[in-house]
Each structure stands twice: as structure tokens, then as C-alpha cells.
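> Model the structure of this input:
(chains A and B)
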Amino acid sequence: MAKLILLHFILALLCFFADAVFEDQVGKFDWRQQYVGKVRFAHFDMHVQSSKKVLVATEKNVFASLNTRTGEVYWRHVDKTGPEGNIDALLMHGQDAVLVVGNGRLLRSWDINIGGLNWEIVLDSGSFQSACFVGQQDSVKYVAVLKKSAVSLHYLSNGHQKWVENLPESETVQYQAVYSGGNGEVYTLGVVPHSHITIVAYSVEDGEIIKQISVDAPWLSNIQASCAVVGQGMLICADPATVSLYMLDLNVQSQMTQIPLQSLGLEVSPGFQPTVVSTQPNPARPPHSEFFVQLGPDHYQLLQLNNGQIVALRDFKPAMLVSFATTGEKTVAAVMAPKNKTACSLNLFSAESGRRLLDTTLIFNMDPNGGKPEKLYVQAFLKKDDSVGYRVMVQTEDHTLTFIQQPGRVMWTREEALSDVVTMEMVDLPLTGTQAELEGEFGKKADGLLSMVLKRLSSQLILLQAWIAHLWKLFYDARKPRSQVKNDVTIENLSRDEFNLQKMMVMVTASGKLFGIDSKTGTILWRHYLDNIPSNAAFKLMVQRTTAHFPHPPQCTLLIKDKDTGLATLHVFNPIFGRKSHITPPALPQPILQSLLLPLMDQDYAKVLLLVDDQYKVSAFPSTKNVLQQLQEMASSIFFYLVDSSQGRLSGYRLRTDLSTEMIWEVIIPTEVQRIVSVKGKRPNEHVHSQGRVMGDRSVLYKYLNPNLLAVVTESTDLHQERSFVGILLIDGVTGRIIHEAVQRKARGPVHLVHSENWVVYEYWSTKSRRNEFSVLELYEGMELYNSTVFSSLDRPHPPQVLQQSYIFPSSISTLEATLTEKGITSRHLLVGLPSGAILSLPKMFLDPRRPEIVSEQSREENLIPYSPEMPIRTEWFINYNQTVSRVRGIYTAPSGLESTCLVVAYGLDIYQTRVYPSKQFDVLKDDYDYMLISSVLFALFFATMISKRLAEVKLLNRAWR
Amino acid sequence: METTGSANVSVPCWVMFFRSRAPVLIPVRMSCLLSFKLSVFSTVLLLLCTRFVCCNNGRRVGDALDAEFSGFSVPLEHSFEVDDVAKFRVRGALVLKAGREPSVSLSQNQLSEEDRTKLKEVAAVDGLYRIRVPRVFLQADRQTERQMEGYLTAFVRACAMVESHLSDVIALHTDVSGYLIGVSIVTFPGACRGTEVEDEVDLEVFNTTLSIMAPVNAPGPETALFLERMEQELERKGKNPQEQKSFFAKYWYLILGGAIFLMATSSAQPPAGGDREQS
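As a prediction, this is how the structure comes out:
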């Protein structure tokens, strides 16, 4: 019998949790965007004339192929994060792309058509310097890789090493560049800073040193920054000190020839380091004899090397960016020059003559909310009439890629800043104009009965009108096939839908670019680039005013803090339109320690933001009189805490009426033993519907719902696997009372933690069993509530009961978050981001410390799952089916207007948005509900009753006549 | 627990033994016998030591044996001021006893007449009653190592202190290695209802409940018990041949019922589109 019950139970469970996306629901509520990161190298696929590929290698260690027509990713290879997967060099020849990865650790060749790996070899150790192709008799056969103390040559076809040679005097000479002009020799260029250049020429065949030259160059310190090889092996270097170019023929041992730039009629901007830009379109041939010299931040000069003489071809000033491009036998130079404040013009110039080519102007409109152009990649092609046409890919400071066609049509843009989202918020969309009209009616002051009635009537009329328009649109759309119905979301027609499922995602990226993204479609509705963001900035995004306070616009505040100095700035903006607010944020001259958003509001319904500086002084934003007065009244009940993890100090402060603070409690965790790794409170917008849990015997176990509770995670400084531990402290943030203190022995971080309602779930690595484990802590007040009406940390003397249970989790995890719904009635799920890219929706029911080891009648009554030490991973729990999210770093959850539905955004390298229904869709009809069937059945029944009634009447009448 | 207690105590015993041997001058012939006697003596002494510790359950190490292990005292200070600027004064002395299971006791003075009125004044303006203890390391051997820089502080509303007639619960928290990391104070009852405390006598003596808490060990996954239960289940299955019927033989009625139910539902309503759900 027990078995039968168990079976029933399991069946019920399976029914309950068998939830996955059906095939026809794919992409209906969810979308994914794939990114590659800030581009470091980009090459256009040139070996086929009509190719549509551009290959990019990025700072996120991604190598990808993009479609030049649409900007979509053809294929993408995501390598390890950190220096291990760092892409050092990208060389392209024909169908092969050769990559040097991990500071010269690996040499890889990819097939660019399908993105398959041709070969991979492990290189000898040594820090990578430079790499180039080596060609002979017009065909490219080898790759040369220069390391700190050796140079090696590899076959392009299979990666095998042809030879490796140690570099002479590599202790003193810094070898920085390798060059080959296709004449059977490989040159390595080294420099002894402020002394001389060393040039070693190797034979391609056997690696024998053909010659070794040393030339005095006391002014040179870095070859790659200031030199380039031009023409038939002529090394040209620029020297800012003497304002001259130096020439050295690599083939002939000679002195460096100095050519003062003045003799060419050129002048260098003061304090500018001139650079030389040359081009070598075919590695089997020497570079072109034309080259650019950059003379100032916006000044370039095209020069030509003609029989050992340098000739000035054309001066470009102002010119922001220049680039060479080659198609067929023609080489052109593309020059970007500023046109006006918001646009740049691009032109093509013949490299040989410096003449401007006709009809090659292209206008690039700069986004006023974007960054300045940073890099220019040109794809040149031959038109039918043999003239040169081109497209350009412009990379701007905000990591945006823009692909432009003549005469200035933007084919696509990719916002690569979104590959590094730091924090985000979801903001409700505003009401439509008509709804707002209706709302506005209540806001205004009453002015007479008649006018109020008229106003009401007019607004009702407007509503009716809008409704009819909506119905008409529905009818109109219904006739069209579904695929054609396009709901283009623009910033103008943004409005809240009836269930508040569509929201504005405000995303903050590490580059300092802010985005407003429509959560339904993933369309970027606004973007705003903040320049002057320090590279190590920490961001905190706060919603000060939501859209609920019409006519006041919603308001978000971004706190940008320099991690080193602690100095912070505030950026206040409207989250719906992305515009900077006209409110000037306060200047913050002192380093900021802590910021907190109070539930207090000023007269304009903006929540008050308190900032605590390093003098423990508090400043408020907004700081109107009203706010200050409220703060004075509330001061004694405003508490905050500070964490100094370097000293292991947690301290609590109370606000005084004069906005100074006083320390009221202090907990010090000695840093010799353990260090604080994270402190997490609960989310302020979280609602808990039920105060307790009904037990099997119908009594109630009340939850300990302390909104001020902090979960502090510590890790031991001793990392030995027998002695390492993870500590969990539950501290009341107001009183500093340690509610619970537990130690997970033989465990190690990284610890992922979720703190919500009356529970804490954390995940750690067990060093003893070598596996990942989940542990759950639940806090209960007991069978009686101390004070059921209000919770105060100051008046809750009984410590809560703490229950804990642990489970084995068969995978490591990247991030952890819990679902959140409007009223907290829906059961909770944990969203686990796995390193595989899947997002697992794990029912909280499985993480319940009351799961019994031995099933009893009562536990069955309570619907507790019997304890089993292993946590299952079921593939139907993956909410993103096959839409993997690479390197998921964070998951954001937001409630929607429907209690059953929680909006989820997972971000990492990719962004994925979906909805989850932890307790199924109990409050809404399914999206494929058959309205037609049900209404036709209703109508049919209605008419049937009418007809049968009529028939019955006739029958009765007939009977009466009889 | 007991074994470590005895180990701790046996060290001074051995020291004593060696010290006693050093000055003894005896003829060579006797030495053998004497050493035997000495070893017997030492064994007895050791036995005594262990027995003694057993009796004390390892917690209370005899004061007579070693003064080093009798615990040490640190001041418990409190502060309650009308202007809320902390001025800490000694409230009592905490006697901490280190060891595997540390214990603590408190000896404290009565509140003076002056303090009582002040406490009531502070309570009237909703001030704070603060306490602090110095940071200490319980497992250190020497007094100098025990004391560390800084204090651990906690507070409670002064009115709660008054209204509870000075009945407070103080808990000291240590970390894994015996550092004191935090102190907490709550009063019982904890609320401030504004009731006047008429009787001055109620505010004279502290009624303190004191505890020292070390972190609890968080449980790991309970695999052993689960496996045991699984084995029991298997055994029971093996014993009971009735259970070994085939799946269909056991649940034919369920399957039949399900099939009928399915047929009934499918004939009632033709499947329209993909019937789906997600959560």
C-alpha cells in the first residue's frame, strides 16, 4: 500500500512539474540576443568576391563570423574567460583564419566558411610578441610566430612546426615584430631601448640565420608603436623628439637615414607621438610603398616611398580615421573626416596618387548619445564598371559596430556593450495617453460639478474611441497571416499592456552605456553613452520614481563609483525615454561608503536616496525642505549598516536628526580566520503572502519574516581541503544581533546565495566529497507569533528556530536567483544559471529542510517530498530549451501584473528574456485558448434553445388545437 | 570531548613528574627500582588526572590543578546617556572559560540610585542602552594574546530595559576558532508600551540570562541514511514475493482506469491545436 501511495505521489509530482515549452511556443514569449564583445580584430572575408562575412575576434575571447548584410552571427566560438583564452592575434588568408590564443599558448586555424577547426597546436612556452604569414612565390604557406626568445615557423595547411630557432641575445634585445616580404626570408625586429635595433633574417627553408644587423637607434623604444615596413623592405620609424622619419633598408646593412619631417613640409602637433601606417595586402608580396603618417590627433599625411625618396602625396586635415583597403589589384585609402557636429564624411582616395575617387562619399551620422568613432574597417570591392565601391564598419568608443553602405545607409548596428551588462532594472511602461487623461482627472482639483461631469464624459468618449480603434486593429490584423503582423515598437507607441507583461529593461553596461530595451521584443528603444566612466567603476541603479505617479515622469538614478578612490557621481534620467533629467544631482566631493533608497517620498513622489560619505555624514537626494523635515521626523527609525570586508567589520548606524550618524552596533569577524565574501539582504519589493505553513496536524508553523535580516557569507583563509570552511551568519541589520551562525566544514567557495522570505539557499563546493552542494536554511518563529501585526527588529526577543538541510547538486553553477511575483502567492522557484548555458527552474519545494527522511502520514498530508540527497536536474526544467546563454553572469526577476507570471532576464555574453509560471498559469487563459470554438458552441447552444423553444411553443399550440 | 580535556590537564601532571625526578640523587642500583616505582606513580597520577577530569565532564577544570584554565574575566560595560553620546562604564565582569565547550558567567553590581533615575530619563527620551565587551580570543594560552583591539557593541532601547525590569538576555557569539565576534542583547519582554515603572526596586538588580554561542555545524547531504533506507527497502522487497509481481499485474486497474478516462476525454472533445502549458 505504501508503495502505491508513493507511486501516486510521484505521478502527481510528475504531473505537477512536467513543464516545458511546446514547439509552437518557441520564441513567442522569449527572445535571445547574442553578442561577441568589444572587437579587437576584424577582417572581411575577401577570398570570394560576393562574400558576406566579417570575422571578428573580441576582448571577450570570442571569435565569430558576422553576416555583413544583417549583422547576425553566423557562428561564434566562445573561449575561456581571462588571459587563458585571450586572443593575441588574428591573421586571415583565403579560407583560413589563424588565431594565437592565450599569450602564445595555442595556434589555431579555423575554416571561416563553416567555423570548423582546421587544426590546433600547442606552442612552446614564452610570451607572445607578434605573428605574420610567410609567403613564397606568390603563395602563402607558413605562419611565423615570434615569442620573447624564439621564432617558429608553422605550415599553414596542418600547423606542424617547420622549424624553431632561438633568438640571439634575447636577454638584452626585446624582439617585437616579425616581417616577411615574400622573398624567402623572415625578419625579426628587436630593439634595445634607447640603444640600437637588431634585425635577424632567417631563411624560410631551414631557419638558418642569413644575416644579423645591428643599427644604432638611441631614440627608439618600441618598434610596433612607431615603425612599419614599407615597400621593398624599408623600415620607417617616426621619432617625435627630432620630428623626423628614419629609414632603414632591411636588405642592405646601412645606417638609418634621417629625414626631417620639415623637409617634407610637415608639422607634428606638439606632444603627439607620430605613427606610421602601412599596408601589406598579400603576405607573399612586399607591402605597398604608400603609407600614412599620423601627425596629430586629427591629422594624417599620405606619403610614398619612391626610389628611396619619400614623397608627400596628400595631406588630410582634419581626418579622424584612415584605413587602407585592397580589392583586386587596386588599393585605396578611406579617410573619415568630420563634417559637422553630428556627422562624418568618408571618402576614398587612390593610394598610388592620392587623388579622390569620384562618387565615393559616404556620410556617417554619429549618434548624439553614442561615442566617437574609434576604428574603421573598410570592405572594398570592384563594381561592374571596374571602379571601386566600399562599405565600412565603424567601431565607436561605446563598443558599437555600425555597418554603412554608400551613400550613408546604415545596414546594421550591433551594440556590443550589451555583452557586459553590470546591473539592470525593469520599469513599468507608462499608461497610454487616454488612460493618462483619465488618471489626470483625479489628480486635478475639483472645479465645479458640471465641468467635472463634462470632463468625465469627454474622457469616457476618448476611451470609447480608443477601444473601437483597438477593435478595428484587431479585426484588421486577424485577416492577415500571423507572420505578417508586425508590431513595431517605437518609443512613441509604448504603453502598458493589460497585464503589465511588457516592461522597459534598463540595462547598465560596464562601458558606461545605458540601454532601454523593450522586454517583449528585445528592441533597443534608447541608448545613452556616459563618457568619463572610470574603468573600474561600480554601478548601482535605483528607481526613484516609478511610472505610477502621473504626471511626474519616472526617474532612475545611477550611482557610479570609482572603486579605487570611492568618489561617486550620480546620473539621473528618465528610464522610459533615456533622457537625462533636468534635475541636477548633488555634487559628491567625498568618497561614498553606502547608499540607500528609503521608502520615504518627497512631494513629487520621488523616493529619497541617502548617501553616506566617509565622514559618516549623510546627504539626501532630493534634498528639498519637505524631505529634510521628513528625515528629521523619521531619523530615529532609520538604520543602516556598513561592511568593511578588509577588516571583517560589520557595523550598524542610526541616523540623527541633524543628518549625522552614530554607531550603535559592531560585529568584528577576525580576518585571520575568515573573510567576508558577500552580504545579502532581501529584495525590498518582495511580498510574502502567507505568514506560516500549515502542518499535517492543521497547526500553523509561523515563518520568521524579518525584512532587516542580512545573510553574511564568509570563507576561511585557510584553503587546505580538510580545514577550509564556509560560514553563514544571519544578522539583523538594525540591532546587529546574530540570529544564527553556522559553519559548513570542508567546503569552499565560490558561494552563490539567495535570500528571500524566511529562507536562505546557498551553494558551495564540498572539498571532502568533491562536488557541489546546495544547502537551505529556513527560519520559523514557532507555533505562535510574537507580534502578528507588525514586525520590529527592536522587539522580537525570541530567536527563531532554524532548520537546515543539504543536497548534492550534480553541476556547478554560475548564478542563482529566485522568482518573484506580484503578491507572493505563487510558489517560488530558484533560477539556476548553469555553466552549460542552461537556466534551470528548480522548485523551491525540493529545497525544503522539512523534507522528511521517513515518510509519515503527517508529512504526506503536508505534501512534503521525501528526502533524497541528490537534487535532480530535469531537462524539461530548462526554461531556455536550446537557447543557451553563454557565460551567464546574472539573472534578474521582476513581477508582472499577473500573479502567476514572473519575468526573467538572464544576462552574460548573451541576453535572454522569458516568462516563467512557477505554479502554472492559474489566473489567465492559455495563449492558444480556442475562443472561436467556445464562442461558436455558446452561440449554437443559444440558437438551439431559441429554436427549440419556438418549436416547443408550436408543438404546444398544435396540441391545444387538437 | 573528554579525551581532549584529559590531554589538556595531563600536561602539567607530566611536568610535575619530571620536576620531581630531577633533584633526586640515588645510588645506581636503586635507580631501576625507583624508576619503576616512579613510572607506577606517574601512571596512577595520570589515571587520577583522567578520572578527575571525567568526573568534571571536561568542562570545569579544577582550579586547584591549574590557575591558567580557570577562565579569565573581561569587563562588561554599559552606557546610557540622555544626549546619546556613549560613555561606557563598567556594569560587571564576564568570566569566560575557554575550552571545547566555553562557558561564561557574569557578576554584576546593582544599579545605583543615580543610574536608575538616569536610565528612566533616557527611557523617557527614547534613548539607547548600549553594552560593549572587548574583543577576546578564547583559545589563547596567555592573557596578552587574549585581548585584542576594539570592542563589540550592541544596544537595546532604554525604555525596553526599564519596562522589562532589567531582565535582559545577553548572548556572546564566537567564531570557529574561538574569537569573540559579536554580542547581542535583548530584553524580555522586548516591547516599549509606555508603562511606568513605579517601584524603584525593580530597577536595582539585573536579571541577566547569559549565554555563549559557537557556530553550529551545518549538515551535509545525508547520503548514508538514505542508502540504508534504500537497502532496507530492497531487502523488504526481496522478502515479500507479493511485491515482485510485474508492473502490469500490479497496476492493471490503474492503467485500465486511465485508458478509459483518456478515451472518454478524447471522444468528448477533439484535440484542437497544440494543447500546451508552460511554467
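
> make it CA atoms for all contacts and neighbour counts henceforth
Will do.

> Model confidence for residue 243, exactly?
Using chain A here. The model reports residue A:243 with a pLDDT of 86.

> The intended chain is chain B.
54.

> repeat for residue B:56
Per the predicted model, pLDDT is 35 at residue B:56.

> Helices of chain A, residue ranges please.
A:2-17, A:223-226, A:433-443, A:449-479, A:625-634, A:857-861, A:931-961 (DSSP state H).

> Can you tell me which of the ones you listed is packed in deepest?
Most buried of those, by mean neighbour count (mean count of other C-alpha atoms under 10 Å in any protein chain shown): helix A:223-226, with a mean of 18.

> what about residue A:538, distance to residue A:568?
From residue A:538 across to residue A:568, the span is 9 Å (C-alpha to C-alpha, to the nearest Å).

> Over to residue A:242?
Distance, residue A:242 to residue A:568, by C-alpha to C-alpha: 43 Å.

> and these two? which has more neighbours close in?
residue A:568 (21 against 12; other C-alpha atoms under 10 Å in any protein chain shown).

> Contacts only, for the more buried one.
A:559-562, A:588, A:591-592 (C-alpha atoms under 8 Å, 6 or more residues apart in numbering or on different chains).

> With distance to chain B added, can I get those in CSV?
Formatted as CSV, the contacts of residue A:568 follow (distance: C-alpha to the nearest C-alpha, whole Å):
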residue, distance to chain B
A:559, 31
A:560, 33
A:561, 30
A:562, 30
A:588, 28
A:591, 25
A:592, 24
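
> Measure how buried the residue nearest to residue A:368 when sequence neighbours are not counted is and give me the count.
The spatially closest residue to residue A:368, leaving aside those adjacent along the chain, is residue A:342, at 6.7 Å (C-alpha to C-alpha, 6 or more residues apart in numbering or on different chains). The local packing of residue A:342 (other C-alpha under 10 Å) involves 11 other residues.

> same thing with residue B:205?
Counted with other C-alpha under 10 Å, residue B:205 comes out at 15.

> Chain neighbours aside, what residue packs nearest to it?
Using C-alpha to C-alpha, 6+ apart, the nearest residue to residue B:205 is residue B:110, at 5.1 Å.

> ok, residue B:78 touching residue B:108?
No: if you go by C-alpha atoms under 8 Å, residue B:78 and residue B:108 don't touch, sitting 11.4 Å apart.

> how near is residue A:919 to residue A:876?
On the measure of C-alpha to C-alpha, residue A:919 and residue A:876 end up 15 Å apart.

> Poorly predicted segments of the stretch 401-550 of chain A, please.
A:433-447, A:480-492 (pLDDT under 70).

> Now do the strands in the stretch 751-900 of chain A.
Along the stretch 751-900 of chain A, the stretches classed as strands by DSSP state E, counting those that start in this stretch are A:759-766, A:771-782, A:801-809, A:815-818, A:829-833, A:839-843, A:890-895.

> swap in the stretch 151-279 of chain B?
Using DSSP E, counting those that start in this stretch, strands in the stretch 151-279 of chain B cover B:167-174, B:180-187, B:207-213, B:216-217.

> got a markdown table for these, with mean neighbour count too?
Shown next, in a markdown table, are the strands of the stretch 151-279 of chain B (neighbours: other C-alpha atoms under 10 Å in any protein chain shown):
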| stretch | mean neighbour count |
| --- | --- |
| strand B:167-174 | 20 |
| strand B:180-187 | 26 |
| strand B:207-213 | 16 |
| strand B:216-217 | 14 |
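
> Dump those to a markdown table, plus distance to chain A and mean pLDDT.
Shown next, in a markdown table, are these (distance: least, C-alpha to the nearest C-alpha, whole Å; pLDDT from 0 to 100):
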| stretch | distance to chain A | mean pLDDT |
| --- | --- | --- |
| strand B:167-174 | 8 | 90 |
| strand B:180-187 | 5 | 91 |
| strand B:207-213 | 9 | 89 |
| strand B:216-217 | 5 | 92 |
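
> Around residue A:646, how many other residues sit close by?
Neighbours of residue A:646 using other C-alpha under 10 Å come to 10.

> who touches the residue nearest to residue A:657 when sequence neighbours are not counted in this structure?
In space, and not counting its chain neighbours, residue A:657 is closest to residue A:632: 4.6 Å by C-alpha to C-alpha, 6+ apart. Applying C-alpha under 8 Å, 6+ apart to residue A:632 gives the contacts A:656-659.

> what's the pLDDT at residue B:23?
With respect to pLDDT, residue B:23 has a value of 33.

> Now list the buried members of the contacts of residue A:568.
Those of the contacts of residue A:568 that meet the buried threshold are A:559-562, A:591-592, by 16 or more other C-alpha atoms under 10 Å in any protein chain shown.

> Turn the strands of the stretch 151-279 of chain B into JSON lines, columns for distance to residue A:391.
As requested, these are exported to JSON lines (distance: least, C-alpha to C-alpha, whole Å):
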{"stretch": "strand B:167-174", "distance to residue A:391": "68"}
{"stretch": "strand B:180-187", "distance to residue A:391": "65"}
{"stretch": "strand B:207-213", "distance to residue A:391": "71"}
{"stretch": "strand B:216-217", "distance to residue A:391": "65"}
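
> and residue B:252, which of those strands is closest to it?
strand B:216-217 (48.7 Å; C-alpha to C-alpha).

> Against which helices or strands is the closest one packed?
strand A:738-745 (3 or more C-alpha pairs under 8 Å, 6 or more residues apart in numbering or on different chains; DSSP states H and E).

> Give me the mean pLDDT for the strand it packs on.
According to the model, strand A:738-745 has a mean pLDDT of 93.

> Then stretch B:130-145?
81.

> Now do the buried residues in stretch B:123-134.
B:123, B:126-134.

> Please apply the same query to stretch A:400-412.
Buried residues in stretch A:400-412 (16+ other C-alpha under 10 Å): A:400-406, A:408, A:410-412.

> before we move on, what about stretch A:208-227?
A:209, A:214-215, A:217, A:220-227.

> Quick one: end-to-end length of that stretch, please.
Where stretch A:208-227 begins and where it ends lie 26 Å apart, using C-alpha to C-alpha.

> Distance from the chain centre to it, please.
Remark: stretch A:208-227 is offset 42 Å from the chain centroid, using C-alpha atoms, centre = their mean, to the nearest Å.

> ok, now stretch A:694-714?
For stretch A:694-714 - counting by C-alpha atoms, centre = their mean - the centre lies 35 Å from the chain centre.

> any weak-confidence spans in the chain?
You didn't pick a chain, so chain A it is. Across chain A (using pLDDT under 70), the flagged ranges come out as A:1-20, A:253, A:433-447, A:480-492.

> wait, chain B
In chain B (pLDDT under 70), the answer is B:1-70, B:141-144, B:198-200, B:240-245, B:267-279.
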